[in-house]
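Novice: sequence isn't available, so here's the structure alone:
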């Protein structure tokens, strides 16, 4: 079955770049009709969609985050990476990588998620 695992630093300083990697097993990230996304849940708030990449590397981002976000595929390692620049304490959240069967901005439509990783932005 498809499994996803996030990895990356748990603490990032303000103004720096947050970088998280998702390692996928059980399928190839180039599989047709799979969409690979990132979600996050700030403390006390709802799950939020950040963006996704298609199996071919086309990307779509949440408008409020678009100027700071990149999602990059590494097909040789079956991984995709989130980069979020110029972070502030408001970017503190549990970050999830996830798979969806359709192109979706709705977190609930991602049918497989990693366990999540806490990222805190603090000096």
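Specialist: Now that the structure is in, tell me what you want to look at. These numbers come from a predicted model, not from an experiment. Numbering: from 1, shown residues only.

Novice: so where do the helices sit in the chain?
Specialist: Counting by DSSP state H, the chain yields no residue ranges for helices.

Novice: quickly list what the most centrally placed residue in it is bridged to.
Specialist: With distances taken as CA atoms, centre = their mean, the chain has residue 38 as the residue nearest its mean C-alpha position (2.3 Å). Beta-bridge pairing for residue 38 (DSSP bridges): residue 51, residue 97.

Novice: so what's it up against?
Specialist: Contact criterion CB atoms under 8 Å, 6 or more residues apart in numbering gives 20, 22, 50, 51, 52, 71, 82, 95, 96, 97, 98 as the residues in contact with residue 38. To be clear about C-beta, it is placed using only N, CA and C from the backbone, and glycine gets the same treatment.

Novice: from residue 78, how far out is the first one?
Specialist: Which is residue 20. From residue 20 over to residue 78 the distance is 16 Å, taken as CB to CB, to the nearest Å.

Novice: now swap in the fifth one and tell me
Specialist: According to CB to CB, residue 52 stands 16 Å off from residue 78.

Novice: got phi/psi on the residue lying closest to residue 33 once chain neighbours are set aside?
Specialist: With CB to CB, 6 or more residues apart in numbering as the criterion, residue 33 has its nearest non-adjacent residue at 6.5 Å, and that residue is residue 101. Taking degrees, to the nearest 10, you get phi -80, psi -10 for the backbone angles of residue 101.

Novice: coming back round to it: between residue 20 and residue 78, who's got more neighbours?
Specialist: For residue 20 versus residue 78, the count of surrounding residues by other CB atoms under 10 Å is larger for residue 20: 22 against 16.

Novice: got a list of what that one touches?
Specialist: Applying CB under 8 Å, 6+ apart to residue 20 gives the contacts 6, 7, 8, 38, 81, 82, 95, 97, 117, 119.

Novice: make a PyMOL selection of whichever of these turn out to be buried.
Specialist: Burial among those is assessed by 16 or more other CB atoms under 10 Å; the matching PyMOL selection reads:
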select buried, resi 6+38+81+82+95+97+117+119
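
Novice: I am finished for the moment; much appreciated.
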